[in-house]
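Asker: sequence plus predicted model, see below.
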Amino acid sequence: MILHGGAFGAERTQEFQLVAGWNAIYLDVDPANDAVAANFQSGLVDVVARYFIPKTPVRFIEDSLEEPWNTAGWSVWYAPSREESFLNSLHAVHGGAAYLVHAVQAGTLTIQGETILRPVNWKMNSFNLTGFPVETAGLTFAQYFAGSGNRIGTRVYRLNNGSWQKVTNLTTTQIRPGEAYWVYCEGSTDYAGPLSLELAGTGSINFNARSGVTTIHLRNQVNTPFTVQASIEANTGLPLYHQVVDFQEFTAESALFNGSLPLGTLAPGKTTALRLELRAEFLEEAGGSAILKLAASNGVVLRVPVRYQAD
């Protein structure tokens, strides 16, 4: 068991509505306690499996989930009540990953953990088991992958009644929040979805006494416009400000980041920027955290951990 995240982790809770039988979920938080049993209640879930992509591409999808664990790439955890529990090979749960979860009955699964920003690392010429950063249903597979140059999303499989079934109409079928799918990737790509994000770091904003300002760049990667709004969640006391530019007066000043901040409409291929500042002189603690939420009107939501740690 590993405890990570720490006192200054930007935490949130992810909720899944499980059906009795098999479920395919996408976890986008890193649990503080990564033990499998600590995150999947034994009274609700009795089997959890994760697919670790092997060196050879995944070229087909099995229709049944009866016994997939003897194929390359699978690690599985059985609840102590199951006689197979001595075969456990899955020992930790991490965010930014998809899991197959067998529920003994319908119910709500909640997992709390540190917010992470971890785009899909697509394996080329292979199926990938993954989910997507959408918060509400509405965005179709065709709309989500419109900027991928047909490299991703032409073949998608969804779990239905314990079997993987091909999505036959990608232009009308909507992506569901928290659900995982088998998605084929043709060739090499780093496509991260309709809303791409550039940070001066590796998935988080880390302020300290020497660095209190950063700029986040956002780009529309698809062929339809959408609006973007920024907001701050789960703030544990960080004095965060954003830059306000007056184009008529040619001035710029900092304003306290409260509530929702409209970033305007992003036309296809266009970019916008958000300058985020931490005012260390107003800090009351030696550290803290928050979550920067970037929500597009098409349903895509990116959450960026924000942290401050005194030297």
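Answerer: Yes, it's here. Numbering: from 1, shown residues only.
Asker: for the rest of this, base every contact and every neighbour count on C-alpha atoms.
Answerer: Noted.
Asker: quick check, pLDDT for T71.
Answerer: On pLDDT, T71 comes in at 71.
Asker: name the SS class of it, please.
Answerer: At T71, secondary structure determined by DSSP: H, G, I helix; E, B strand; the rest coil is coil.
Asker: from N206, how far off is the residue nearest to G269 when sequence neighbours are not counted?
Answerer: Distance criterion C-alpha to C-alpha, 6 or more residues apart in numbering; nearest residue to G269, sequence neighbours excluded, is N220 at 5.1 Å. Per C-alpha to C-alpha, to the nearest Å, N220 is found 25 Å from N206.
Asker: and the strands in the stretch 101-250 of the chain?
Answerer: With DSSP state E, counting those that start in this stretch as the criterion, the stretch 101-250 of the chain has strands at 107-115, 126-130, 152-160, 163-166, 181-185, 195-198, 205-207, 213-220, 226-233, 240-246.
Asker: mean pLDDT lowest where, among these?
Answerer: Mean pLDDT values for the strands of the stretch 101-250 of the chain show the minimum at strand 240-246, a mean of 80.
Asker: following element in sequence after that one, please.
Answerer: Counting by DSSP states H and E, the next helix or strand C-terminal to strand 240-246 is strand 251-256.
Asker: just checking: what are the partner strands of that next one?
Answerer: Here strand 251-256 is paired, per DSSP bridges, with strand 240-246 (antiparallel).
Asker: now the helices: where do they sit in the stretch 51-200 of the chain?
Answerer: Taking DSSP state H, counting those that start in this stretch, the helices of the stretch 51-200 of the chain run over residues 141-144.
Asker: okay, now the unreliable bits of it?
Answerer: Applying pLDDT under 70 to the stretch 51-200 of the chain flags residues 55-56, 58-70.
Asker: 50 - rerun?
Answerer: Residues of the stretch 51-200 of the chain meeting the criterion pLDDT under 50: none.
Asker: next, L283: phi, psi?
Answerer: Per-residue torsions, L283: phi -70, psi 140 (degrees, to the nearest 10).
Asker: against A310, how distant is it?
Answerer: Distance, L283 to A310, using C-alpha to C-alpha: 10 Å.
Asker: more neighbours: which of the two?
Answerer: Ranked by neighbour count (other C-alpha atoms under 10 Å), L283 and A310 place L283 first, with 15 against 12.
Asker: any idea of the pLDDT on that one?
Answerer: 88.
Asker: how about the one 10 residues further on?
Answerer: K293 is assigned 97 on the pLDDT scale.
Asker: that one belongs to a strand?
Answerer: Yes: looking at K293 with three-state DSSP, it is inside a strand.
Asker: now it. Nearest residue, chain neighbours left out?
Answerer: Once flanking residues are discounted, K293 sits nearest to R303: 4.6 Å by C-alpha to C-alpha, 6+ apart.
Asker: pull out the buried positions in the helix or strand where that neighbour lies.
Answerer: Per DSSP H and E: R303 is located in strand 301-309. Across strand 301-309, burial judged by 16 or more other C-alpha atoms under 10 Å covers V301, L302, R303, V304, P305, V306, R307, Y308.
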